[in-house]
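In: Got a predicted structure here, sequence first:
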Amino acid sequence: MARIFENSLLRHQTRYQLLATVIVNIITFSHGVGVGWLSPTLTNIQTADSPLAFKVNLAEISWLGSMLGLGSLCGNLTIALLIERAGRKFCLYLMAVPYACIWILIYCASNVYFLYAARFLCGFTGGAGYVVVPIFISEVADSDIRGALTSMLMLSVDLGILAGYILSTYLAYHVVPFLAIILPVAYFMANIMLPETAPYLLRKSQLGAAENSFKYYRNQRNAVADPSSKDNFEELRTAVLAQQTRNSTPLSYKDLTTKPALKGFAASIVLSLGYQFSGVFSFINYMSDIFKASGSIVDVNTATIIIGIVQIVGVYTSTIFVDIVGRRLLMLISTMGVGIGCIAFGCFTYLDDIYDLSEFNWLPLVLMIFICYVANIGLIGIFFLVLVELFPVKIRSLATSMSVIFLSILVFGTLKLFPLMLHFWGISITMWFSAASGLLTFLYFWLFLQETKGKSMIVD
C-alpha cells in the first residue's frame, strides 16, 4: 500500500505534472478520434446510402488508410527541425492548426482528395505528437511516475479511437466535424497555462524561467513552505550543465554511431517493425473489414466499439504496472500474446472455410479482444515511452525523431498493403504473417532488450 501511495499521480508534488499530461494529451485524444473515425466510415461510404456524392474503390480505400503514414512522416520531419530550435511548447501549439483543418475538409468533401488531405493532416498531428509529447512529459515528470504519465499518451489515443468509432457509427457523417473541431480549440486555450520544460530552458540559459518552470511542475512555487525546492532545482541545473559540458561539441554523425546509440537504433528498428508488421495498428484502422472477413456473428460496428473499450483497458493496465514491473516484461508478454492470438485467429478462419463452424462465430471477437488487450499492455501502450528511453541524452531528440520517421514510413506501407493483403491473401494468411512478426519481435526482446525503468532523462 505504501508503494502504491508513493507512486500515486495525485501526490501534492506531482499534481501539476498530471495536469500538464492531461492537457497535452487532448491533442493525442483528438488524433485518436481522427483515426477511429475511418473504420465505421469506410463501411458507411461503400453502401448505397453513402452520405457522400462520390464512390470509393479498393485502391482509394488503401490510399485513405496509408495517407496517415505520409502525414505522420511530414509531422515527424517538421518537429525534428523545430523541437530544439523553437522548444517543446511551440511544437505543442503547432499541432492544433492542422487538426482543426481535418474536420473542415471532411465536412466539405466533394471528392476523395478532400478525404486524402484530411487523413494526411490526421497523420501529421499524430506524427508530431508522438515525438514532442513523450519528450515533454519525460522532462516534466518525476522518474518514479514517468512511465505512468508517458503511457497516458496511448491511453488518450485509444480513448480517442473509441470516441471516433462511436461518433462515426451513431452520428450522421456531417454532424461529427462540428463536435470534433471543439477539441483543438480547447487544447490551444488550455496550453496557455503550461510553461516550457525546465531542462530545455536551462539548455537555453534561461535560468529564471527554468526555475519557475521547475517549481510549477513540482508544485513548489512557495519556496518558504518547501525549502528543498531550491536544492532540488540546483541538482537539476548541475546535472544539465554537466551533460552540456560532456556534450559541448556540436552534434555530429559520430554521436549517432557510438555503441549506446547503435544499440538504441537497433532496438527502435525492431520495436517499430514489430509494432507495424504484427498488424496491431492496421487492425485498429480496418477493424470493421477484419470482422466482416472473419464471418463474426456480432455486428461489425458493435464489435469495433467493444475492441475500442478493450484497448483502453489494456493501456490502463500498462499505466498501472509499467513503473512496478518495468518495460521489458510488459513488452515480452505483449509480443508473445499477439503472436499466439494471431495464430489462433488465422487457424479459426482457415478451418471455417473447410468446416461449418457457425456455432463458434463468436470466437473471432474473443480472439481479437485478446490480441488487442495484450498489444495495448506493451507493444502499443508503452511504445513511445520505451522509444524515448532507448537513446543517450545528447541524441535523444534527433534519434527519437529519426525513429518515428522510420515508423511513419512503415505506417504508410502497412496501411497501404493491409487491405490488399486481406483481399488477395485472405484473412488467414494475413493473420499468420502478423503472428510471425510478433513472435520474432518477442525473440529479439527476450535476447537483447534492456530494462529502462528509472533511467535518467537528464544524464546518461
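Out: Perfect, I can see it now. Numbering: from 1, shown residues only.

In: how about the strands in the stretch 201-350 of the chain?
Out: Secondary structure of the stretch 201-350 of the chain by DSSP state E, counting those that start in this stretch: no strands are present.

In: what's the helix or strand where residue 364 lies packed up against?
Out: Using DSSP states H and E, the element containing residue 364 is helix 363-377. Helices and strands touching helix 363-377, by 3 or more Cβ pairs under 8 Å, 6 or more residues apart in numbering; DSSP states H and E, are helix 280-285, helix 287-294, helix 300-325, helix 327-354. For every residue, glycine as well, the C-beta is placed using N, CA and C.

In: so how far is stretch 117-136 from its chain's centroid?
Out: Using Cα atoms, centre = their mean, to the nearest Å, the mean C-alpha position of stretch 117-136 is found 9 Å from that of the whole chain.

In: so for that stretch, what's the average pLDDT?
Out: Averaged across stretch 117-136, the pLDDT comes to 90.

In: Please apply the same query to stretch 209-220.
Out: For stretch 209-220, mean pLDDT is 86.

In: Repeat that for stretch 350-362.
Out: The pLDDT scores in stretch 350-362 average 84.

In: Straight-line length of it, end to end?
Out: End-to-end distance for stretch 350-362, by Cα to Cα, to the nearest Å: 15 Å.

In: From the rest of the structure, what touches it?
Out: Stretch 350-362 has contacts (Cβ atoms under 8 Å, 6 or more residues apart in numbering) with 294, 295, 296, 297, 298, 348, 363, 428.

In: tell me which element residue 169 falls in.
Out: helix 146-170.

In: how far does that helix sit from the chain's center?
Out: The gap between where helix 146-170 is centred and where its chain is centred comes out at 9 Å by Cα atoms, centre = their mean.

In: re earlier: most neighbours among the contacts of stretch 350-362, please name it.
Out: Within these, residue 294 tops the neighbour count with 24 neighbours, counted by other Cβ atoms under 10 Å.

In: do you know how far that one is from residue 352?
Out: Noted for residue 294: a distance of 8 Å to residue 352, by Cβ to Cβ, to the nearest Å.

In: Same check on residue 419?
Out: 20 Å.

In: Among those two, which residue is more densely surrounded?
Out: Each of residue 419 and residue 352 has its neighbours counted (other Cβ under 10 Å); residue 419 has more, 23 against 19.

In: Let me know the helix or strand that that one is in.
Out: Short version, using DSSP H and E: residue 419 is in helix 396-424.

In: for that helix, packing partners?
Out: Applying 3+ Cβ pairs under 8 Å, 6+ apart, one finds that helix 396-424 contacts helix 58-82, helix 112-140, helix 259-277, helix 280-285, helix 287-294, helix 383-389, helix 427-448.

In: which stretch among those helices comes nearest residue 168?
Out: Among the helices and strands packed on helix 396-424, helix 287-294 comes nearest to residue 168, with 10.2 Å by Cβ to Cβ.

In: which other residues reach the helix holding residue 364?
Out: 154, 158, 278, 280, 283-284, 287, 290-291, 294-296, 298, 303, 306-307, 310-315, 317-318, 321, 330, 333-334, 336-338, 341-342, 344-345, 348-349, 357.

In: filter those to the buried ones?
Out: 154, 158, 278, 280, 283-284, 287, 290-291, 294-296, 303, 306-307, 310-312, 314-315, 317-318, 321, 330, 333-334, 336-338, 341-342, 344-345, 348-349 (16 or more other Cβ atoms under 10 Å).

In: Look up the pLDDT of the closest residue to residue 111 other than its chain neighbours for me, please.
Out: The spatially closest residue to residue 111, leaving aside those adjacent along the chain, is residue 54, at 5.6 Å (Cβ to Cβ, 6 or more residues apart in numbering). On pLDDT, residue 54 comes in at 82.

In: repeat for residue 273
Out: At residue 273, pLDDT is 93.

In: mind listing what it touches?
Out: By Cβ under 8 Å, 6+ apart, the neighbours of residue 273 are 410, 437, 441.

In: Just give the number of residues close to the nearest residue in space to the first one that is not next to it in sequence.
Out: By that I understand residue 410. Taking Cβ to Cβ, 6+ apart, and ignoring the residues beside it in sequence, residue 410 has residue 276 as its nearest neighbour in space, at 4.1 Å. As a burial measure, residue 276 scores 25 neighbours (other Cβ under 10 Å).
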